[in-house]
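**Q** Sequence first, predicted coordinates after that:
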Amino acid sequence: MRYTLHPLGDDAVLVELGKEISKETHQKVQSLTAFLEKYPPEWMIEYIPAYTTVTIFYNPFKAYQLSNGQLPFNFVCSLIKPLIEEMTENNMPEPEIVEIPVCYGGEFGPDLDFVAEHNGITPEEVIEIHSSGSYLVYMIGFAPGFPFIGGMSEQIAAPRRDTPRLKIPERTVGIAGMQTGIYPIETPGGWQLIGRTPVKLFRPTDDSPTLLKAGDQIKFKPISLEEYHHWEETEQ
């Protein structure tokens, strides 16, 4: 398996597992994070997966104590290399399939008409295409629980807004380029907004504070405004 190791500050190693965003590279990222989750080294503090990399934060004092005088970075790298060589795709957990209900258009999706016009189709066709796809969560970032989701059809791709909005309501579904995503909290943003889900993505009081994680498969399900409000009440 090809990979490169880079220092990140004085307490982290950036493991680069590919140069391009792809399912193959994502599988390598998932394999490594699954291995670290199952067999966490005593010097490791945490790991952060991204599109093509995994950042491993370590305790430099612990690493130095265990290394018999080596530099912490060199010591950690010497242990990461055989770890990567040992891991296989068999380490990958089974992907979890998560259904996300979405009320499209109206006040929840003010840019739905723009996305349709930009692609020369109707708003109803945008909804049908968006909700019929099978998506992969590549990474969580930007805001707590924000999923960067790949696999969207180029038939509904749309550019970011020229001027970002200062406030986007939590749980709003958007499109930017070939990606779709969901704003888990109220935040500024420049994505084209097409709908909203009644399901909370950021749950800070739960054991797992985010509904989604890297590796999850997403299915969007269109729901009516009435269904949205009923669902939202059950989420309270």
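**A** Perfect, I can see it now.
**Q** partner residues bridging the residue nearest the centre of the chain?
**A** For the chain, Met139 is the residue whose C-alpha lies nearest the centre (CA atoms, centre = their mean; 2.6 Å). On the basis of DSSP bridges, Met139 is bridged to Phe148.
**Q** Check it and give its pLDDT.
**A** Note on Met139: pLDDT of 89.
**Q** Map the structural domains onto the sequence of the protein.
**A** 4-91, 97-235 (automatic domain parsing).
**Q** Comparing these by mean pLDDT, which bottoms out?
**A** Least confident of the domains of the chain, judged by mean pLDDT, is domain 4-91 with a mean of 90.
**Q** How far does that domain sit from its chain's centre?
**A** 19 Å (CA atoms, centre = their mean, to the nearest Å).
**Q** Please name the nearest non-neighbouring residue to Thr187.
**A** Sequence neighbours aside, Ala143 is the residue nearest to Thr187 in space, at 5.2 Å (criterion: CB to CB, 6 or more residues apart in numbering). In this view, the C-beta of every residue, glycine as well, is placed from N, C-alpha and C.
**Q** So the residue nearest to the centre of the chain sits against Gly215, correct?
**A** No: checked against CB atoms under 8 Å, the pair Met139 and Gly215 is beyond contact range at 9.6 Å.
**Q** Go ahead and name everything in contact with the lengthiest strand in the chain.
**A** Secondary structure assigned by DSSP state E gives strand 97-104 as the longest strand of the chain. Here strand 97-104 makes contact (CB atoms under 8 Å, 6 or more residues apart in numbering) with 109, 112, 123, 126-127, 130-131, 173, 182, 194-199, 211-212, 216-225, 227-228, 231.
**Q** strands paired with that strand, and their directions?
**A** Strand 97-104 has these strand partners (DSSP bridges): strand 192-196 (antiparallel), strand 217-222 (parallel).
**Q** Format these as TSV; extra columns: mean neighbour count and distance to Phe35.
**A** As requested, those are exported to TSV (neighbours: other CB atoms under 10 Å; distance: least, CB to CB, whole Å):
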stretch	mean neighbour count	distance to Phe35
strand 192-196	27	37
strand 217-222	17	21
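**Q** Can you convert those into a markdown table and add a column each for distance to Ser22?
**A** Below are those laid out as a markdown table (distance: least, CB to CB, whole Å):
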| stretch | distance to Ser22 |
| --- | --- |
| strand 192-196 | 25 |
| strand 217-222 | 16 |
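**Q** To Thr25, which of those lies closest?
**A** Across these, Thr25 has its closest neighbour in strand 217-222 (17.0 Å, CB to CB).
**Q** Next secondary structure after the closest one?
**A** helix 225-235 (DSSP states H and E).
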